[in-house]
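Asks: no FASTA, just this:
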């Protein structure tokens with residue numbers, strides 16, 4: 001089973017959400033249709049996840065297991081479903097800043113971000129808020145590409 005929860009935010013404000021559960025035993029056409037919806041929802045957005053490597057692997061493993069190919073999906077401007085896209089990772093920023101890995105909930109509460117059931121919305125808001133916090137090693141002035149380059153260097157450690 002793949003549980004997908006996506007939130008779209010712009011400048012830290014919630015715009016829309018998309019949630020779906022997919023089962024490996026569902027027929028191919030249904031899975032392709034759902035992934036087309038996911039691609040349409042996330043088109044143009046930068047993928048952000050708390051400790052993103054833990055989320056990328058199951059997503060692409062499910063796509064591979066389901067035999068969903070690039071020909072099945074139009075990933076034009078859909079960075080979430082492009083296998084070579086780099087995701088932004090506020091969990092990594094927090095680990096680099098504090099020297100230890102933290103649960104998303106504890107970081108959200110530490111910066112007085114209301115905690116709710118929608119983790120995808122919380123992580124999107126954290127990605128917006130954390131770079132502006134004193135002491136965080138990332139800057140709001142960085143482009144997504146600059147931030148992804150910096151993250152790649154940090155993953156070595």
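Replies: Thanks, I have it. Since the structure is predicted, the reported quantities are computational estimates derived from the model, not experimental observations.
Asks: Quick check: which ranges of this structure have low pLDDT?
Replies: 157 (pLDDT under 70).
Asks: List the buried residues of stretch 72-82.
Replies: By 16 or more other Cβ atoms under 10 Å, the buried positions in stretch 72-82 come out as 72-73, 75, 78-81. (C-beta placed from N, C-alpha, C; glycine too.)
Asks: surely residue 139 meets residue 131?
Replies: Yes: Residue 139 lies in contact with residue 131 (Cβ atoms under 8 Å); the separation is 5.8 Å.
Asks: which of these two has more neighbours?
Replies: A count of neighbours by other Cβ atoms under 10 Å puts residue 131 above the other of residue 139 and residue 131, at 18 against 11.
Asks: elements contacting the lengthiest helix in the chain?
Replies: In the chain, assigned by DSSP state H, the helix with the most residues is helix 28-42. In terms of contacts (3 or more Cβ pairs under 8 Å, 6 or more residues apart in numbering; DSSP states H and E), helix 28-42 is packed against strand 2-10, strand 13-22.
Asks: Also compute the angle for it relative to strand 2-10, please.
Replies: Relative orientation of helix 28-42 versus strand 2-10 (axes from the mean of the first three to the mean of the last three Cα atoms, to 10 degrees): 20 degrees.
Asks: measure the residue located most distally from the centre of the chain to residue 115 for me?
Replies: The centre of the chain is farthest from one residue, residue 27, which by Cα atoms, centre = their mean lies 26.1 Å away. Taking Cβ to Cβ, to the nearest Å as the measure, residue 27 falls 38 Å from residue 115.
Asks: Equivalent analysis for residue 29, please.
Replies: 38 Å.
Asks: Ok, residue 37 next?
Replies: 28 Å.
Asks: And stretch 124-134, how far out from the chain middle?
Replies: 14 Å (Cα atoms, centre = their mean, to the nearest Å).
Asks: Go through that stretch and flag the buried ones.
Replies: So for stretch 124-134, counting by 16+ other Cβ under 10 Å, buried means 124-131, 133.
Asks: Then stretch 23-39?
Replies: 31-32, 34-36, 38-39.
Asks: ok, those vs residue 119, which is closest?
Replies: The nearest member of these to residue 119, counting by Cβ to Cβ, is residue 38 at 16.7 Å.
Asks: Contact partners for the nearest residue to the closest one once chain neighbours are set aside?
Replies: Nearest non-adjacent residue to residue 38, counting by Cβ to Cβ, 6 or more residues apart in numbering: residue 4, 6.2 Å away. Contacts for residue 4 (Cβ atoms under 8 Å, 6 or more residues apart in numbering) come out as 18-22, 38, 59.
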